[in-house]
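A.B. asks: below are the sequence and a predicted model for it; my questions follow.
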Amino acid sequence: MSVLSYLIPISLILGGAALVGFIYTVRANQYDDPEGDARRILSDEWDDHPKP
Amino acid sequence: MTAQMRPQMAVCPGCVAAPSEAVEQAPTEARLALSLPTIHCQGCISAVERALNAHPGVQSARVNLTLKRALIEADPDLRAADLIPVMEGLGYEAHELDLTALAATQNDKAGRDLLMRLAVAGFASMNVMLLSISVWSGASDATRDMFHWISAAITFPAIIFSAQPFFKNAWSALKVGRLNMDVPIVLALVLALVTSLWETSLSGEHAYFDAALTLTFFLLAGRYLDYRTRAVARSAAQELAALEVPRATRLLDGHEYEVPVADLAIGDLILVRPGGRMPVDGEVVEGHSELDRSLLTGETLPVFAAPGTGVSAGEVNLTGPLTIRATAVGEETSLHRMADLVAIAESGRSRYTSLADSAAKLYAPGVHILSALAFVGWYLYTFDVRTALNIAAAVLIITCPCALGLAVPAVTTAASGRLFKKGMLIKHSTALERLAGVDTVVFDKTGTLTAGTPQLVNLDQIDRSDIEIALALATPSSHPLSVALVRAAQEAGISPAEVNDLREVPGYGTEGTYQGRRVRLGRAAWVGAEQCSQTAAWLDTGEGSPRGLFFTDALRPGAAEAVRALQAAGKDVLLISGDTTGAVEALAQRLGIDKWVAEALPEDKAARIQMLADQGKNVLMVGDGLNDTAALAAAHVSISPASALDAARVASDIVLLGQDLEPIAEACTVAGKAIRRIRENFRLATLYNVIAVPLAVAGLATPLIAALAMSSSSITVSLNALRLKS
């Protein structure tokens, strides 16, 4: 059962990383315009050089 | 402001001239906002952003496709009016939005807060559930204890952070000595945590950490759904308000300045162009015109205005430019004084308790008594505090209103979403429940049942040659009656006669020369005719007596269908208007409404609604004018069209976004269905309790049974709510 001492921390850290990631996306206003962001990826305007 | 001028460190002029590279960010505090209702794809986004960024004076522009808006960071002297033609040149409809009115939607803190708590509860409950499953599937001794301790370490901080909304609500209810749905929730959470911790420290078998977290997660999901529904409606309502940018043209030393209405002071001279709305109360000092007072009084007949005439904020100037001197501004205008009347009417409205609250009133004491009885019973039977407390906690967790907390928000979210697609905005949280109980519908006439645009009625009774002259006279004018006349004549295929020297006399009409005779089209007194009660324009051809061209108000699309459908559904339909008896009677007959009241003052309308309410009727009021606001506030539930004055929209529970009135009848049906679903959900939740509670009281409930009962009842009520969508 000693494997538990690795597995439990690993699962908690992975879950915690996902939670931190989600909180970051909420804070960075990434849910303000879901529809627009889904469409913007289809535009080829900035494909050759990044938006200045 | 993100795009500030960066400090120029370079000393030599050549370096200053070199453009300093600014990092581009989405404008967080945009100075200008445009509503672009027709954008829909990535092509639109690119086109709009490219055009706006290329416009001189614009520093950055970003489109939000979800809200169909563009936020623009620009030089101080650039105005939205300069950018609207740019958008229209690209083929997109554009309207200016008032940013101060939108401020609340932009920093949507409460929603983000709730989402964060939901995420934390979700994360924690997943992890604890994994640990619990190992316990249920047979972990024992030291392993079980370790799993319980890890669960406790996750659960405590998670609950303390995510269940805060419930703690706050429960505390505010307890402080005033009342019980709400949150009190049993908090009690269950606290009791479950305390007994589980105690059990864990004694190496006990049952811990309810997973139940406490799942409960928090499901309840937060309900809260979040509820919040989203209201936030969508609120942001759409704010957008309506933001579309009316309050600006006025102030005259100072012969120059015109565009200023916000809030900056106007008593005694200012204000220019109101034809088609413009009076920003303040005042007196005409220069110019002749006609005023449309229909939003304030319900009268359809335009009123003549000349120097000395008093005007009220909200009236529309029809023909000639008017200069007015402000006599009352801001809060003192008649528009705002109406707000007092609304406040009085609202205090009279019987306080409606929502279905969820009345369920909680029955439910909360029941749960507490049951759990207390279980505790006392088991204590007397075993004289063991630990067993008794364990069972009391199990009872509280099993009966906790997990499904009840989801039952209402899930249904209202589904129903509001469905009505939103039909163009109805549910502003108030209990509006749907109240709408379901409506048995009497009161309509306002002008602007609600009618579109507020006149229609020529006696085209075929007038000589063709006269119509040709009238058409020629009406063509250059933008007066609503002239526009209606031109439209009717063009539809009949009539071409204008040759009239020379056309001249519009603001406030009176138009005149010209036809075959050497002076011809006139305009007000009765001006052409020498008798004034009559119907809306009319008079034509003087220079020969014989003046001919009257009569107009009626065109019906709003869907008005007849809405009235018929409501009557077919067994509801009483009434018409109460401030307009003249003749006009109201004619419309009532046209729509088949038996009961009508004409020439009603705003107080009369509110009083009549109150009278109906006293008779035990649930009244739905549909109105748009300032004279309806008190009645809208007094009614059981109220609807106003998007074209209504801001004050009326604020006073009503539901706003109709489109032109069409037909969705009203359907909304009543959908609301009825939604209420049936809510009741079904309550029954389902009760059924689960009836099965699980005896087990809990008998001491047979394990954390596994609690988790199963809770999850399955939550999922069933959510699925039942979704049935409404189709």
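C.D. replies: Structure received. Numbers count the residues shown, from 1 in each chain, chains lettered A, B, ... in the order given.
A.B. asks: dump the residue contacts of whatever residue of chain A ends up closest to chain B.
C.D. replies: Across chain A, the shortest distance to chain B (C-beta to the nearest C-beta) belongs to A:G36, at 3.2 Å. C-beta here means a position set from N, CA and C on the backbone, and glycine is covered the same way. For A:G36, the contacting residues are B:45, B:63-66, taking C-beta atoms under 8 Å, 6 or more residues apart in numbering or on different chains as the criterion.
A.B. asks: in JSON lines, list those residues along with pLDDT and secondary structure.
C.D. replies: Formatted as JSON lines, the entries for these read as follows, by pLDDT from 0 to 100; DSSP: H, G, I helix; E, B strand; the rest coil:
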{"residue": "B:I45", "pLDDT": "87", "secondary structure": "helix"}
{"residue": "B:V63", "pLDDT": "87", "secondary structure": "strand"}
{"residue": "B:N64", "pLDDT": "84", "secondary structure": "strand"}
{"residue": "B:L65", "pLDDT": "83", "secondary structure": "coil"}
{"residue": "B:T66", "pLDDT": "77", "secondary structure": "coil"}
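A.B. asks: put the buried members of those into a ChimeraX selection.
C.D. replies: Once 16 or more other C-beta atoms under 10 Å in any protein chain shown is used to decide burial, the buried members of the contacts of A:G36 can be selected in ChimeraX as follows:
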select /B:45,63,64,65
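A.B. asks: secondary structure class for the residue of chain A closest to chain B?
C.D. replies: In the three-state summary, A:G36 is assigned as helix, counting by DSSP: H, G, I helix; E, B strand; the rest coil.
A.B. asks: who in chain A is up against chain B?
C.D. replies: Applying C-beta under 8 Å from any C-beta of the partner chain, one finds that chain A approaches chain B through A:1, A:4, A:8, A:11-12, A:15-16, A:18-19, A:22-23, A:26, A:29, A:31-36, A:39-43, A:45, A:51-52.
A.B. asks: which of the three states applies to the residue nearest the centre of chain A?
C.D. replies: Nearest to the mean C-alpha position of chain A, counting by C-alpha atoms, centre = their mean, stands A:G21 at 5.3 Å. When the structure is split into helix, strand and coil by three-state DSSP, A:G21 lands in helix.
A.B. asks: what do you get for B:L724?
C.D. replies: B:L724 ends up helix, using three-state DSSP.
A.B. asks: contacting residues for the closest residue in space to it that isn't next to it in sequence?
C.D. replies: Leaving aside its chain neighbours, B:L724 sits nearest to B:A414 (4.4 Å; criterion: C-beta to C-beta, 6 or more residues apart in numbering or on different chains). By C-beta under 8 Å, 6+ apart, B:A414 lies in contact with B:674, B:721-722, B:724-725.
A.B. asks: is it possible to get TSV of those that adds neighbour count?
C.D. replies: Formatted as TSV, the contacts of B:A414 follow (neighbours: other C-beta atoms under 10 Å in any protein chain shown):
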residue	neighbour count
B:A674	24
B:A721	25
B:L722	14
B:L724	20
B:K725	11
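A.B. asks: what is the nearest of those residues to B:N169?
C.D. replies: Closest approach between these and B:N169, by C-beta to C-beta: B:A721, at 22.4 Å.
A.B. asks: buried residues in stretch B:541-549?
C.D. replies: Taking 16+ other C-beta under 10 Å as the neighbour-count basis, stretch B:541-549 is seen to contain the buried residues B:541, B:546-549.
A.B. asks: ok, now stretch B:613-621?
C.D. replies: Those buried within stretch B:613-621 under the rule 16+ other C-beta under 10 Å are B:613, B:617-621.
A.B. asks: what's the answer for stretch A:14-34, then?
C.D. replies: The neighbour-count check on stretch A:14-34 (16+ other C-beta under 10 Å) flags A:15, A:19, A:22-23, A:26, A:33 as buried.
A.B. asks: how about stretch B:176-196?
C.D. replies: In stretch B:176-196, residues buried by neighbour count (16+ other C-beta under 10 Å) are B:179-193, B:195-196.
A.B. asks: now swap in stretch B:498-517 and tell me
C.D. replies: Residues of stretch B:498-517 classed as buried under the neighbour-count rule (16+ other C-beta under 10 Å) are B:499, B:504, B:506-512, B:514.
A.B. asks: what's the most distant pair in those residues?
C.D. replies: For those, the maximum inter-member distance is 22.3 Å, found between B:G507 and B:Y514 (C-beta to C-beta).
A.B. asks: doesn't B:G282 make contact with B:L322?
C.D. replies: No: with the criterion set as C-beta atoms under 8 Å, B:L322 and B:G282 do not qualify as a contacting pair; they are 9.4 Å apart.
A.B. asks: mutual contacts of those two, please.
C.D. replies: Common contacts of B:L322 and B:G282 (C-beta under 8 Å, 6+ apart): B:V311.
A.B. asks: any idea of the pLDDT on the residue of chain A closest to chain B?
C.D. replies: The pLDDT attached to A:G36 in the predicted structure is 84.
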